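Enquirer: One predicted model, sequence on top.
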Amino acid sequence: MTKPLITILDDEPAIRTMLSEALEDAGYDTQSFARAAEFEAALRRSTPDVCLVDLGLPDRDGLSLVHRLALEQGATVIIISGRAQVQDKITGLELGADDYIIKPFDPAEVVARVRARLRTRAIPAPTGQTARFNGWTAHFDRYTLQDETGAETPFSHAEGEVLRLFLESPNRLITRDYMQDTLGGAAGDSFDRAMDVRISRLRTKLREDPKNPRLIKTIYGAGYIFLGDVTWT
């Protein structure tokens, strides 16, 4: 059985070594890179299951790389960064990252977060790869939303997880606790903020009125309801 491949992009040798050892002890294969150029060259040869990406890279801004990984390749991306400001977290999540871990960290936490993301991706899709609803078509095989004119807007893997969750349970309350259990990730304020960012971006891509959204309704103190008729193929 092939082991999941985890790539590590960080310019600090000690961190690369620490993460590689912890992940390999947990049963994963790893590849480590100090520069974005080396990392991108490797992506053309193999596709990792999870990418661990530092934002402070010597040859490129890590945020732009996260954006490309999430939108163009649908990769699972976990940011590992010394940037602890709330705005940095929001920006990383908005650009498509699935999770955000602040340095310094316990390697066991990183392993747990990686395991959670892999568990989420391993859940079989019971309802197909294409969903049609309210004039929209969501293509989960290529991570795009298509409107009635045929114009397409890409969405990230992280946004796609939330969208699929809504489309598989239309007209039903989706609680925060259920989202946490289903999607994984860190509990508490970090998870809530990540969901807020992803839902906000989905509303924008669905051209929702932020003051009165038609499709993704917030039920304050409870969760969300997706209002729509959904057909899967």
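Expert: Arrived safely, thanks for sending. No experiment lies behind these values; they were computed from the predicted model shown.

Enquirer: Who are the packing partners of the helix or strand containing Ala14?
Expert: Ala14 belongs to helix 13-25 when assigned by DSSP states H and E. Here helix 13-25 touches strand 5-9, strand 29-33, helix 107-122, going by 3 or more CB pairs under 8 Å, 6 or more residues apart in numbering; DSSP states H and E. Quick note: C-beta positions are derived from backbone N, CA and C, even for glycine.

Enquirer: Quickly list the domain ranges of the protein.
Expert: Domains of the chain are assigned by automatic domain parsing as 5-122, 130-232.

Enquirer: how about a markdown table for the helices and strands packed on helix 13-25, with mean neighbour count added?
Expert: Listed next are the helices and strands packed on helix 13-25 as a markdown table, based on neighbours: other CB atoms under 10 Å:
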| stretch | mean neighbour count |
| --- | --- |
| strand 5-9 | 23 |
| strand 29-33 | 19 |
| helix 107-122 | 16 |
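
Enquirer: Including mean pLDDT, could the ones you listed go into JSON lines?
Expert: Formatted as JSON lines, these follow (pLDDT from 0 to 100):
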{"stretch": "strand 5-9", "mean pLDDT": "95"}
{"stretch": "strand 29-33", "mean pLDDT": "96"}
{"stretch": "helix 107-122", "mean pLDDT": "85"}
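
Enquirer: As a markdown table, those with distance to Leu173 would be great.
Expert: What follows is those, written out as a markdown table (distance: least, CB to CB, whole Å):
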| stretch | distance to Leu173 |
| --- | --- |
| strand 5-9 | 35 |
| strand 29-33 | 40 |
| helix 107-122 | 21 |
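
Enquirer: Determine which stretch of the domains of the chain is the most buried.
Expert: domain 5-122 (a mean of 18; mean count of other CB atoms under 10 Å).

Enquirer: Now the terminal residues of stretch 146-156, how far apart.
Expert: 14 Å (CA to CA, to the nearest Å).

Enquirer: what does it contact?
Expert: 70-72, 74, 95-96, 135-139, 143-145, 163, 201-202, 205 (CB atoms under 8 Å, 6 or more residues apart in numbering).

Enquirer: switch the cut-off to 7 Å
Expert: Applying CB atoms under 7 Å, 6 or more residues apart in numbering, the contact partners of stretch 146-156 are 70-71, 96, 135-137, 139, 143-145, 163, 205.

Enquirer: quick one: which of the residues you listed is nearest to Gln31?
Expert: Nearest to Gln31 among these is Ala70, at 18.9 Å by CB to CB.

Enquirer: Need the nearest residue in space to the closest one, chain neighbours excluded.
Expert: Once flanking residues are discounted, Ala70 sits nearest to Gly96: 2.6 Å by CB to CB, 6 or more residues apart in numbering.

Enquirer: which element is the residue lying farthest from the centre of the chain on?
Expert: Within the chain, the residue lying farthest from the chain centre (CA atoms, centre = their mean) is Thr149, at 27.5 Å. For Thr149, there is no host helix or strand (DSSP H and E).

Enquirer: cool, Arg68 as well?
Expert: helix 62-72.

Enquirer: now the angle from that helix to strand 5-9?
Expert: On the basis of axes from the mean of the first three to the mean of the last three CA atoms, to 10 degrees, helix 62-72 is oriented at 150 degrees to strand 5-9.
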